[in-house]
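Novice: Let's see this in three dimensions:
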Amino acid sequence: MLQNHSAKQFFFFIHRKRRRRRLTYLRSTLCESLMASNKHTIILMQTSHNRATRTFMDYESISQAMDGICALYERKLKELNPVMRNITYDIEDLYNFIDGLADLSALVYDHSLQAYLPNDRQWIRQRMLNHLRKLAH
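Specialist: The predicted structure follows:
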């Protein structure tokens, strides 16, 4: 018997001698990909060596987090070039921004562990490249 379930978890029940056994986290590949796109992500950032510049940004997915980092960079470009109406940049410019921050990391929620996993600057750079490639297609 299939009972009420969320999109993130499917519970299947097997009846055996008046007992129910619950098999948890039996997921299809479709469910896996849905979960991967909806991994809660916290970006931890420090813009300079001053500890007072530490901050965090909270996003519902890795993709939204990458958009947030791009938006941060675009705001900085607008601050530096207030009279320019159109500003363009490439991935190397974005990488230089990421590398120029005193500290940058991401905590990504893993549903199977029910915990946040830390990821470094290099991981963010790789995810950023993948994200921008998807947007380009």
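Novice: quick one: low-confidence parts of this protein?
Specialist: 1-37 (pLDDT under 70).
Novice: Which helix runs longest in it?
Specialist: helix 62-80 (DSSP state H).
Novice: other SSEs contacting whichever helix or strand comes after it?
Specialist: For helix 62-80, the following helix or strand on the C-terminal side (DSSP states H and E) is helix 91-100. Helices and strands touching helix 91-100, as assessed by 3 or more CB pairs under 8 Å, 6 or more residues apart in numbering; DSSP states H and E, comprise helix 62-80, helix 121-136. (Glycine included, C-beta is placed from N, CA and C.)
Novice: List the buried residues of helix 91-100.
Specialist: Buried residues in helix 91-100, counting neighbours by 16 or more other CB atoms under 10 Å, are found at 94, 97-98.
Novice: returning to that earlier point: kindly format the C-alpha coordinates of the longest helix of the chain as PDB.
Specialist: The C-alpha atoms that make up helix 62-80 are tabulated as PDB, following Å, rounded to 0.1, in the frame of the first residue of the first chain:
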ATOM      1  CA  ILE A  62      23.000  25.100  -6.200                       C
ATOM      2  CA  SER A  63      21.800  26.800  -9.400                       C
ATOM      3  CA  GLN A  64      20.300  29.700  -7.400                       C
ATOM      4  CA  ALA A  65      23.500  30.000  -5.400                       C
ATOM      5  CA  MET A  66      25.500  30.300  -8.600                       C
ATOM      6  CA  ASP A  67      23.100  33.000  -9.900                       C
ATOM      7  CA  GLY A  68      23.600  34.800  -6.500                       C
ATOM      8  CA  ILE A  69      27.400  34.800  -6.900                       C
ATOM      9  CA  CYS A  70      27.000  36.200 -10.500                       C
ATOM     10  CA  ALA A  71      24.600  38.900  -9.200                       C
ATOM     11  CA  LEU A  72      27.200  39.900  -6.500                       C
ATOM     12  CA  TYR A  73      29.900  40.200  -9.100                       C
ATOM     13  CA  GLU A  74      27.600  42.200 -11.400                       C
ATOM     14  CA  ARG A  75      26.700  44.600  -8.600                       C
ATOM     15  CA  LYS A  76      30.400  45.100  -7.900                       C
ATOM     16  CA  LEU A  77      31.000  45.800 -11.600                       C
ATOM     17  CA  LYS A  78      28.200  48.400 -11.600                       C
ATOM     18  CA  GLU A  79      29.700  50.100  -8.500                       C
ATOM     19  CA  LEU A  80      33.100  50.300 -10.200                       C
END
